[in-house]
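Undergrad: Just to be clear, the model below is a prediction. Sequence and coordinates:
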Amino acid sequence: MSTAVATHGAAAVRVRRVAPGRLLLYGCAVLITLFMLTPVYLIALAAFSPAQAIFDYPRALLPTSGLSLDNVRFFLTFGGILPALRNSLVVGLLTVVFSLLLGCPAGYSLARYWFRGKNVAQLLLVNVRAIPIVIISIPLLVTFIEWGLYDTVLSVALVHTAITLPLTILITASVFLRVPAEWEEAAMSLGTSRFGAVTRVVLPNSVPGLAAAALFAFVTSWNEVFVAVILTLRSPTLPAAMVQQLSDSPLTFRFAAGLCLTVPAFVFIFFMRPYLFNAFGVGGK
Amino acid sequence: MRPLVPYLLMAPAMLFLAYFLFWPALGAFGVAFQTAQGEWTPANIQALVRDTDFGLAVRNTFLLLVIIIPLEFTIALAMAVLAQSRLRGRGFFLYVWSFPLAVSDLAAGLVWLSIFTSHGYLNSALQGAHVIQHPIGFLNYDNLPGLLLAVVAAETWRSISLVMVVIMSGIQVIPPEMEEAAAILGAGAWNRFTKVTLPLLKPTLQVGLMLRTTTAFQVFAVVLALTGSGLPVLATRTETWAYAHNYQMAAAYAVLLLMLSSVATVAYLTFLRTPREVFQR
């Protein structure tokens, strides 16, 4: 009995002796997690505080002064916010449609064909991220004014498509690569055309990957601020409307906006997790 | 006809990119070096240098860049290594560490605004702990360290996830045998990291640095949300001039931005060049 306890004790000691290194790792991980989550907690606290609590100092770090939906309701019903939200959704959806319509054929071409200039095209697509968005927005602004497209959701969606398209092509290419070419050939030997094989075999088997590409395009558009600010005035997207309101809106309004703009990220990333390395990583395609 | 198919599939996307990405990138030079009537002139560049906030915008952009980039890459390296070690709850950690990938710079600025205003949570916490007697005006226009601190905190919080994912994508393609071999030869964890992992990560770090430096030069909404016009940077000046319908000045600022990030890209390509044999794994 006593030996059993002794060995048990020794095992416990050994576990504890291994622990410090692991404990340090966990300590660091928890610290980083706190750095990531504390601001989210605080903006939620600020957004849900009663309006008059904003004047309290020092401010309570716990929701002791009660919670209220007033700020968030004020933000959402404020003139222009809901139309801006609608604009953001329309721009995002247009960006998704444009970039998939243009990106899928190009991605399929990269996945299934060898052709002269393919390497150059791929290199180009990887490296266009080095072009600052700031620089393309000014000449395009001039072009859109000439075309009568200035201050429209279409103009913003076109530029957002240009920003997302290179990655949409690279993601769809990697998605199509995962569908074995043999399946397509099998379908064609059963009498369908190449186009039929693509629509009936390749596309149905690529739905999750294409959904991730679509979500990536949507999130990029949803979050893009600079182009939207430059290209719109009376029909801004949500971030552009917020930038317009920044200097003359009360703090409570800005905090509610901060919360409303941050929360969707948790949903987006939840669904994009399996594709993060495809979308944001380098190499390892 | 067959060999044409791949080109026909690529063509719409490539034409679109040519028109809406490559052409305007060149077009910016046209706007910057021409009068509104289309005559070539250096006057816009001269006006740019004389712009009241020009010097400040350049200084602030560079200050933010040289603080944020090293800070971010150091912490992100640690995060990537942590995420690779088999921690319990790794999925949860990765999820929380990567959610800012989908947070806009505007949202990040607003989130950290609640922390850094004079009656915000940081001052409240410091006062609660009796570290300070009176609130610090972090965001006062004349408090440069305070302004920088706020923007650095918000920008690091938002974009460190991207750097982490880039580094992780590089770590994942390093064959585990490399580290195992070093471990068998008696290398400790620190030596394995600095002598094996880090050198093999160089190509990844190079791409990550190029990407992140380009975006750091364009820092915009986070600065606007936290400081208003208190901390002018290149992108906010571009927007101010565009808003004032002076597209020549706006383009001049944008061209300067492109030049600076091109110089940075070339510098990374030159100084972080990887010897060929490392590529041929």
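TA: Nice, thanks for sending it over.
Undergrad: Quick check: which element contains residue 58?
TA: Answering for chain A, as no chain was given. Under the criterion of DSSP states H and E, A:P58 resides outside all helices and strands.
Undergrad: think we crossed wires, I meant chain B
TA: Using DSSP H and E, B:V58 sits within helix B:54-84.
Undergrad: Report the buried residues of that helix.
TA: Counting neighbours by 16 or more other CB atoms under 10 Å in any protein chain shown, one finds that the buried residues in helix B:54-84 are B:54, B:57-58, B:60-61, B:63-65, B:67-69, B:72-73, B:75-84. To be clear about C-beta, it is placed using only N, CA and C from the backbone, and glycine gets the same treatment.
Undergrad: Could you identify the helix or strand that succeeds it?
TA: helix B:90-98.
Undergrad: so what does the helix or strand just after that following helix touch, helix or strand wise?
TA: Going down the chain from helix B:90-98, the next helix or strand is helix B:105-116, by DSSP H and E. Packing partners of helix B:105-116 (3 or more CB pairs under 8 Å, 6 or more residues apart in numbering or on different chains; DSSP states H and E): helix A:2-48, helix A:207-223, helix A:238-245, helix A:251-272, helix B:121-128, helix B:144-171, helix B:221-227.
Undergrad: which ones are touching the nearest residue to B:T238 once chain neighbours are set aside?
TA: Here the nearest residue to B:T238 in space, its sequence neighbours aside, is B:Y253; by CB to CB, 6 or more residues apart in numbering or on different chains that works out to 4.1 Å. Taking CB atoms under 8 Å, 6 or more residues apart in numbering or on different chains as the contact definition, B:Y253 lies against A:134, B:48, B:57, B:234-235, B:237-238, B:241.
Undergrad: ok, the residues you listed vs B:V263, which is closest?
TA: Taking CB to CB as the measure, B:L234 is the one of the contacts of B:Y253 closest to B:V263, at 13.7 Å.
Undergrad: roughly how far is the helix or strand containing A:A197 from the heart of the chain?
TA: Using DSSP H and E, the element containing A:A197 is helix A:194-197. Relative to the mean C-alpha coordinate of its chain, helix A:194-197 is positioned 32 Å out (CA atoms, centre = their mean, to the nearest Å).
Undergrad: got it, and stretch A:69-78?
TA: 25 Å.
Undergrad: again with stretch B:190-203
TA: Averaged over its C-alpha atoms, stretch B:190-203 has a centre that lies 23 Å from its chain's centre (CA atoms, centre = their mean).
Undergrad: Quick one: residues in contact with it.
TA: A:283, B:81, B:167, B:170-171, B:174, B:178-179, B:182-183, B:187, B:272, B:274, B:278-279.
Undergrad: For it, give the mean pLDDT please.
TA: When pLDDT is averaged along stretch B:190-203, the result is 88.
Undergrad: Kindly report the same for stretch A:93-107.
TA: Per-residue pLDDT over stretch A:93-107 has a mean of 96.
Undergrad: Over to stretch A:238-250?
TA: Across stretch A:238-250, the average pLDDT comes to 88.
Undergrad: what's it in contact with?
TA: By CB under 8 Å, 6+ apart, the list of residues contacting stretch A:238-250 reads A:54, A:80-81, A:84-85, A:87-88, A:222-225, A:228-229, A:232, A:236, A:253-254, A:257, A:261, B:104, B:106, B:110, B:221, B:224-225, B:228.
Undergrad: Now with 6 Å, please.
TA: Counting by CB atoms under 6 Å, 6 or more residues apart in numbering or on different chains, stretch A:238-250 makes contact with A:80, A:84-85, A:88, A:225, A:228-229, A:232, A:257, B:104, B:106, B:228, all of which sit outside it.
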